[in-house]
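> Would you be able to build a 3D model of this:
(2 chains)
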Amino acid sequence: MYQKSLKNLVSDAKPVEPYDIMESKRLSMPSPDSGCNCCGKCVKACSGKAISIKDDVWSIDLGKCVFCRDCYELCEHMQEEDAPHYALRREDLVFKAGEKKDVEGRLPKEKVRAVRGSVAIRELDTGSCNACESEANAMGNKYYDMERFGIKVTPSPRHADALLVTGPMTRNMLVAAQKTYNAVPDDKLVIACGTCAISGGLFVKGDVIGEGVNDTLPVDLYIVGCPPTPNGMVVSLIKALGLRH
Amino acid sequence: MITEIHIGISSLAEKIAEKLSEGYGLMCMYANEKGATERSIRTLLRKDSDIITFFTVIEGDSYGAISPAVPQVRPYEREMHEMSGLIPEGLTEKFGPQRLQWAYKDAYPLQKAPLPEERIFHPMPDNRMEGDGVFEIPVGPVHAGIIEPGHFRFSVAGEPILKVRTHFGYTYRGIEKLMEGRSDSDRTRLIERVSGDTAVANALAYAHAMEGDTEVPERARYLRTIFAELERIYCHFGDISGIAQDTGFSVPAVFGAGIKEKILRLNEIVGGHRFLMGTIVPGGVRRDISDDSLKAIQNRILKISFDIEELVGMMEGSSFLMDRVETTGILSHQDALTYRALGPAARASGVKTDVRKELPYDAYGDVGFRVFTRDKGDVYSRMLVKAGEIVESTSIINQCLDRIRPGPLRAEVTPSEGLGLGIVEAPRGELVHSAEIFNGDIWRYRIRDPSFINWLALERALPGNIVADFPLINKSFNLSYSGNDL
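Numbering: from 1, shown residues only, chains lettered A, B, ... in the order given. Coordinates of the predicted model:
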């Protein structure tokens, strides 16, 4: 059986997904069509307080959205749109009704000086629900295989180029998070991964510091999702850091 | 069947001890605030399907400590002290922080009055063991792998561990407080994020707590069972592959992680979310799943029984892996009983406990399955129990697929007043949600994750093992930090 298993595993048929497929699989975000009359039903139902209507302009903040799909069930005018994998600025994650913009830019050269073809990341959990951890672990499985793009997880922050922060930054974790941040060598990047890390998500009224990681650590990259998909994380790292694919 | 008994504080310890000696297990204990209810302590005990709750009204904030007479109460008493501000009198030692390293001055997190801004730092209690050549190794809260934060203090003499203390609270977000005064959909979203990989079990327990006597439609009951078992399967595959990973045997580790990924993708097809968040709501399920999805589940399930056989075969075929897992991290039968260990950890130590059998909910009463036990209590036993449960889960799903018929998906729920209980078998063990509902709103919501108990069992399983085996033992229990901290 062992021999047989080895033969199955070490075969020509690789399950790894090509970059293009990984890039095209996106989370969906709601966007109302022209029939929307700003009745405010979706605003009231939104658990993450992501949808808002101001001066008859409908907008959604993907940094607060938990992708629960409640709004689709409420309103027939709600359409599914492809959500971006990531954004470089917090305000880029706010989308108006029907708005299409390309927010998936590349980080400026001086930011990614430490990254030359490969990146070592250190995962830092600041109070997440362990779904983000599970998905970060999945980045290494044989489907996504992040190491083929030069993405590596290091055990120590001292060897890391980037911190992948998940969770809303709980009060108890603050000191440890700052110590970890200080232990990373200079030219470091901070990646806020998931809704909790971007905006505090559902826990913003709980025992957490500020609204998201940005209030305590300088965030360079926001990865969207609750939790972000493994392909979303891998693609975000590749596109934002300019890794070869 | 729930029996509610009102008793005074003076006889509470005696009554609990009496029930424990009759074979009841202590499920949960928590304190209520004054207001809609009296200032009171709620105790929940269970023996198979028989549930007893003690409701004890107390005067003021202090009461005579129960834990000196009944040691099992200790973790709950510590929780009540920290979260609800109750002061147990007559304890010789002071409780250290369980969740709050930054405590409030003259206030506690679950109080109804607004909380003060000022916080006081409570350092962790020292765990120093003294003697020739005894060292202390602090580990965490930031660990080497991609896991959650927790702090461990190992006292070692050479390689073997003498004693371990766990310190948590790093993922404390205050979920129990956030549950109060929210709408139903908000609470469901929140409860699914108590512990991401137990999303279905948590949502299910919440639904049961809210439903009361509501009759859930048949199709919804079967769909819930299928979702819960899918979650169990991917969790257990992750654990077994993690055990292989921690012994350094990459081939089965990669193989197991691949199957976990396949099930997560199946989840996305059938439930719209990789962790099946947003599938279960009080009263039923949120969306129907198509016949094509049912077919997809059936196809995947067929292959899984072969996959698990291959995975375990691969691992058992390697003598160096067996050297690592056999006789490592033994949780003795006696300890499992004393600490009331839950889930696969208890079943690996020969304790036949399973909520699905003892207190059947949803469709578990209609399907036949076996409770898988082993009696050695080591890492290998836990691995085999999990592997056996995967096979049983595939059989449960198959039976559900055979019996599922078209029908309504959701019933109207009128929340019951008073106590609402949700007890389900999560992948990690018995999960208890208890809600005190008044005028349709939640007055107090208590979540007792199986990890809350099993961390204590893990502390018992570690002494005598070498430090290098800690990740392996930890992985074989695979406990949730966020479920423990809330």
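> who's in contact with the longest helix along chain A?
Criterion DSSP state H: the longest helix present in chain A is helix A:230-241. With contact meaning Cβ atoms under 8 Å, 6 or more residues apart in numbering or on different chains, helix A:230-241 is reached by A:17, A:19, A:22-23, A:25-27, A:85-86, A:88, A:104-107, A:112, A:115, A:119, A:121, A:135-136, A:138-139, A:141, A:143-144, A:146, A:149, A:151, A:164, A:189, A:191, A:193, A:221, A:223-225, A:228, A:243, A:245. (Glycine included, C-beta is placed from N, CA and C.)
> Next step: those restricted to strands.
Those of those mapping onto strands are A:Tyr86, A:Val119, A:Ile121, A:Ile151, A:Leu164, A:Leu189, A:Ile191, A:Cys193, A:Leu221, A:Ile223, per DSSP state E.
> was I right about the second one contacting A:Glu147?
No: shown here, A:Val119 and A:Glu147 do not form a contact pair, counting by Cβ atoms under 8 Å, at 11.0 Å.
> Neighbour count for those two, which is higher?
Just comparing A:Val119 and A:Glu147: by other Cβ atoms under 10 Å in any protein chain shown the higher neighbour count belongs to A:Val119, 24 against 12.
> ok, the more buried one - contacts?
With contact set as Cβ under 8 Å, 6+ apart, A:Val119 has these partners: A:Gly150, A:Ile151, A:Lys152, A:Asp161, A:Ala162, A:Leu237, A:Leu241, A:Leu243.
> can I get the CA coordinates of stretch B:252-269 in PDB?
Below are the C-alpha coordinates for stretch B:252-269, written out as PDB (Å, rounded to 0.1, in the frame of the first residue of the first chain):
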ATOM      1  CA  PRO B 252       0.900  11.400   4.400                       C
ATOM      2  CA  ALA B 253       0.900  14.900   5.700                       C
ATOM      3  CA  VAL B 254       0.600  16.300   2.100                       C
ATOM      4  CA  PHE B 255      -1.900  13.500   1.200                       C
ATOM      5  CA  GLY B 256      -4.100  14.300   4.200                       C
ATOM      6  CA  ALA B 257      -4.000  18.100   3.700                       C
ATOM      7  CA  GLY B 258      -5.000  17.500   0.100                       C
ATOM      8  CA  ILE B 259      -8.100  15.500   1.100                       C
ATOM      9  CA  LYS B 260      -9.000  18.200   3.600                       C
ATOM     10  CA  GLU B 261      -8.800  20.800   0.800                       C
ATOM     11  CA  LYS B 262     -11.000  18.600  -1.400                       C
ATOM     12  CA  ILE B 263     -13.700  18.600   1.400                       C
ATOM     13  CA  LEU B 264     -13.400  22.300   1.900                       C
ATOM     14  CA  ARG B 265     -14.000  22.700  -1.900                       C
ATOM     15  CA  LEU B 266     -16.900  20.400  -1.600                       C
ATOM     16  CA  ASN B 267     -18.200  22.600   1.200                       C
ATOM     17  CA  GLU B 268     -17.900  25.600  -1.000                       C
ATOM     18  CA  ILE B 269     -20.000  23.900  -3.700                       C
END
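> tell me, how many neighbours does the closest residue to A:Ala138 other than its chain neighbours end up with?
Spatial nearest neighbour of A:Ala138, chain neighbours left out: A:Pro230 (4.2 Å); criterion: Cβ to Cβ, 6 or more residues apart in numbering or on different chains. By other Cβ under 10 Å, the residues close to A:Pro230 number 25.
> And for B:Phe255?
24.
> Let me know the secondary structure of it.
Following DSSP: H, G, I helix; E, B strand; the rest coil, we place B:Phe255 in the helix state.
> pLDDT averaged over stretch B:254-267, what's the number?
Here stretch B:254-267 scores 90 as its mean pLDDT.
> Return the set of buried residues in whichever strand or helix holds B:Phe152.
Assigned by DSSP states H and E, B:Phe152 belongs to strand B:151-157. By neighbour count with 16 or more other Cβ atoms under 10 Å in any protein chain shown, strand B:151-157 contains the buried residues B:His151, B:Phe152, B:Arg153, B:Phe154, B:Ser155, B:Val156.
> Give me the contacts around whichever helix or strand comes after it.
Later in the chain than strand B:151-157, the nearest helix or strand by DSSP H and E is strand B:161-167. When contacts are defined by Cβ under 8 Å, 6+ apart, strand B:161-167 is touched by residues B:96-97, B:124, B:127, B:129, B:134, B:150-156, B:455, B:458-459, B:462-467, B:470.
> anything in the helix or strand following strand B:161-167 near chain A?
As assigned by DSSP H and E, the chain's next helix or strand after strand B:161-167 is helix B:175-178. Yes: Helix B:175-178 is in contact with chain A by Cβ under 8 Å from any Cβ of the partner chain, via B:Ile175, B:Lys177, B:Leu178.
> quick one: which of those has the most company?
Greatest neighbour count in these, by other Cβ under 10 Å, goes to B:Ile175: 24 neighbours.
> which regions of the chain lie under the pLDDT threshold?
By default, I'm working from chain A. A:1-14 (pLDDT under 70).
> ah, no, chain B please
B:127.
> how far away is the residue sitting furthest away from the middle of it from chain A?
The centre of chain B is farthest from one residue, B:Asp132, which by Cα atoms, centre = their mean lies 38.7 Å away. As judged by Cβ to the nearest Cβ, to the nearest Å, B:Asp132 and chain A stand 32 Å apart.
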